[in-house]
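A.B. asks: curious how this folds, go ahead:
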Amino acid sequence: MKTVHISGRGQQQNTFDAIVVGSGISGGWAAKELCEKGLKTLVLERGRDVKHIQDYTTATKHPWEFEHRGWITPTERAEHHIQSKCYAFDESTKHFFVNDQEHPYIETKPFNWIRGYQVGGRSIIWGRQCYRWSKLDFEENARDGHGVDWPIRYRDLEPWYTYVEQFVGVSGSAEGLDAVPDGHFLPPMEMNCLEKSMAARLKQKFPERNMIIGRAAHLTQPHLGRGVCQFRNLCYRGCPLGGYFSSNSATLPAAAKTGRLTLRPLSIVSEVLYDKEKKRAIGVRVIDQETKESTEYFARIIFLNASTLGTAFILLNSISEVFPYGLGNGSGQVGHNLMDHHYEVGAHATSDEFEDQYFTGRRPNGVYIPRFRNIDAASNRTEYVRGFGYQGGAWRGWPDTSEWLGTELKAGITAPGPWTMWLGAWGEMLPYYENKMSLNWNAKDAYGLPMIEIDCSFKDNELAMRKDMMNCAAEMMEAAGLKNIHTFDHMHTAHPGHCIHEMGTARMGKDPRTSVLNAWNQMHEVPNVFVTDGACMTSSACQNPSITYMALTARACDYAVREVNRRNL
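C.D. replies: Sure thing, here's the model as predicted:
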């Protein structure tokens with residue numbers, strides 16, 4: 001591999017005020033905030049460029065325009081043996097996922113690492129659910145002794161939640177619930193008749209279990225120049241209207257508008273460069289994906305937003321005399337405490353009511369039941385700690401016509417089938433030191449870099465929780481008067497990583513001996529390096545984490561720029 005050494009005028013051309021590694025949910029926010037605050041910013045993305053609108057090549061195609069009507073061929077499934085397990089993967093979206101054969105990793109235990117290597121990252125294909133974490137979520141580590149204490153509390157992040165919600169555009173309803181604090185919302189989407197009925201009956205039977213409409217990064221009215229969601233539910237193809245939030249439709253255009261953004265795709269960051277005399281990071285080394293040549297870029301501050309595993313890889317691969325075990329890894333915590341939510345457990349049922357009603361559109365959102373376990377003395381459980389929430393929804397399908405012919409077929413397809421209700425639980429995973437990713441120096445990828453090796457599993461607490469997750473779903477459906485209730489638990493296929501909420505490999509904390517980052521997402525040992533993607537998380541809660549990544553990023557950028565202006569960085 002050829003390294004291009006930069007000096008003199010060349011080095012000046014490759015020097016920026018800030019470098020952001022990654023262009024997904026958090027990287028896009030870092031780019032926007034740093035550029036808008038006056039910093040000349042370089043964003044490095046390891047994947048290809050994806051331009052808003054023009055590169056959403058399947059967004060307006062009809063089903064019959066796809067060669068396989070949306071299905072995946074055996075060859076494509078083999079090339080994407082991990083990615084094809086994702087709910088969003090099909091013939092119309094496969095180009096937004098990596099080829100697993102080209103990007104291998106080592107699984108000591110099964111781990112479904114879902115990835116999208118392109119400008120925008122997984123912000124193109126994310127689930128778009130946006131729930132604030134609660135006061136309890138930031139306090140539980142200290143309360144029950146699992147993991148280390150967060151160095152911040154909800155009050156520290158509350159104004160930043162509002163700040164990012166005002167830009168993102170989150171549709172939802174204010175409910176006054178402690179488990180999911182209210183935010184700055186656009187008008188909510190509407191529940192259908194069965195969902196409304198179940199919500200009302202739950203309130204009577206279980207007052208502590210509140211079914212609300214999901215809070216989603218979908219625009220229900222025009223917002224900051226972006227179009228309104230059309231309820232097509234084809235979001236994973238990319239939205240030409242910008243009806244849902246992504247880096248491509250929102251943060252990166254805002255950064256580009258400043259004139260201070262330089263975006264460089266096909267740029268694999270292999271390590272952070274450290275100067276032991278300055279006691280600072282001075283830049284990054286980048287491998288060009290096409291030529292495999294290595295180039296160095298320099299900046300006063302560096303934001304690592306390469307994803308939970310990607311950021312940990314960069315830190316562990318950044319070896320120097322000062323940091324022989326990885327940049328800022330004096331605590332030995334980098335790569336450890338890997339978490340993901342555990343899900344694919346719950347129940348489904350049918351209803352014999354509302355036969356005279358149907359629904360319109362394809363609402364790209366469902367209902368949500370916030371956590372109701374282990375939040376007070378009345379809800380405490382003895383068999384596990386922490387808790388879970390539910391996502392789900394109701395719909396009315398059509399009968400199976402595969403065996404019908406003639407008049408029977410004509411009559412059958414004019415009447416919809418019964419209403420169906422589905423509830424799936426999302427559970428919190430505890431931060432276990434032994435759940436980790438590491439670098440295998442004996443196995444190299446196509447760029448000569450060590451391969452990531454993942455050793456992660458759900459443990460007794462999660463397994464005990466899942467029983468309650470499943471039983472509570474059935475219990476609520478019975479209370480709502482539903483019929484044909486069937487429970488499910490797909491633990492045998494829902495391995496860690498499958499929920500695509502991986503977190504925790506460079507956690508925040510108060511003590512440099514047990515954590516990697518401080519209260520500002522700043523590395524304890526390398527103060528001009530910040531980590532604000534999922535790697536920074538100290539616990540996992542049970543809510544979808546992306547809006548929390550965004551709030552942490554905006555907050556850290558504000559702090560970093562103030563420190564730069566004070567010449568502390």
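A.B. asks: ignoring the adjacent residues along the chain, who's closest to residue 561?
C.D. replies: Once flanking residues are discounted, residue 561 sits nearest to residue 37: 4.4 Å by CB to CB, 6 or more residues apart in numbering. In short, each C-beta sits where N, CA and C put it, glycine included.
A.B. asks: so which strand or helix has residue 560?
C.D. replies: helix 546-565 (DSSP states H and E).
A.B. asks: what sits against the residue nearest to residue 561?
C.D. replies: Each residue near residue 37 by CB atoms under 8 Å, 6 or more residues apart in numbering is listed here: 557, 558, 561.
A.B. asks: can you redo these as JSON lines with pLDDT?
C.D. replies: Formatted as JSON lines, the contacts of residue 37 follow (pLDDT from 0 to 100):
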{"residue": "557", "pLDDT": "99"}
{"residue": "558", "pLDDT": "98"}
{"residue": "561", "pLDDT": "98"}
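A.B. asks: just the buried members of the residues you listed?
C.D. replies: Taking 16 or more other CB atoms under 10 Å as the criterion, what is buried in these is 557, 558, 561.
A.B. asks: coming back round to it: gap between the residue nearest to residue 561 and residue 518?
C.D. replies: 20 Å (CB to CB, to the nearest Å).
A.B. asks: likewise residue 137?
C.D. replies: 19 Å.
A.B. asks: same thing with residue 350?
C.D. replies: 52 Å.
A.B. asks: then residue 533?
C.D. replies: For residue 533 relative to residue 518 (CB to CB), the value is 16 Å.
A.B. asks: and these two? Which one has more around it.
C.D. replies: residue 533 (33 against 19; other CB atoms under 10 Å).
A.B. asks: go ahead and confirm the more buried one touches residue 304.
C.D. replies: Yes: between residue 533 and residue 304 there is a contact at 7.1 Å, judged by CB atoms under 8 Å.
A.B. asks: list the residues that contact both of the two?
C.D. replies: Shared contacts of residue 533 and residue 304, counting by CB under 8 Å, 6+ apart, come down to 22, 311.
A.B. asks: OK, contacts around the residue of the chain positioned farthest from its centre?
C.D. replies: Going by CA atoms, centre = their mean, the residue of the chain most distant from its centre is residue 407, 48.8 Å out. Applying CB under 8 Å, 6+ apart to residue 407 gives no contacts.
A.B. asks: quick check: it is in a helix.
C.D. replies: Yes: judged by DSSP: H, G, I helix; E, B strand; the rest coil, residue 407 forms part of a helix.
A.B. asks: measure it to residue 305 for me?
C.D. replies: For residue 407, the distance to residue 305 - CB to CB - is 60 Å.
A.B. asks: again, but for residue 381
C.D. replies: For residue 381, the distance to residue 305 - CB to CB - is 36 Å.
A.B. asks: any stretches of the stretch 1-150 of the chain with poor pLDDT?
C.D. replies: Scanning the stretch 1-150 of the chain with the threshold set as pLDDT under 70 gives 1-10.
A.B. asks: ok, which stretches of it are strands?
C.D. replies: 3-4, 15-21, 41-44, 106-107 (DSSP state E, counting those that start in this stretch).
A.B. asks: what packs against the second one?
C.D. replies: Contact analysis of strand 15-21 by 3 or more CB pairs under 8 Å, 6 or more residues apart in numbering; DSSP states H and E lists helix 25-36, strand 41-44, strand 280-288, strand 294-304 as its packing neighbours.
A.B. asks: so which of those gets nearest residue 427?
C.D. replies: For these, proximity to residue 427 was assessed by CB to CB; helix 25-36 is nearest, at 21.9 Å.
A.B. asks: need phi/psi at residue 425.
C.D. replies: Per-residue torsions, residue 425: phi -100, psi 150 (degrees, to the nearest 10).
A.B. asks: err, residue 165, not the other one
C.D. replies: The phi/psi pair for residue 165 (degrees, to the nearest 10) is phi -60, psi -40.
A.B. asks: give me every residue that touches it.
C.D. replies: Residue 165 neighbours (CB under 8 Å, 6+ apart): 130, 183, 184, 185, 547.
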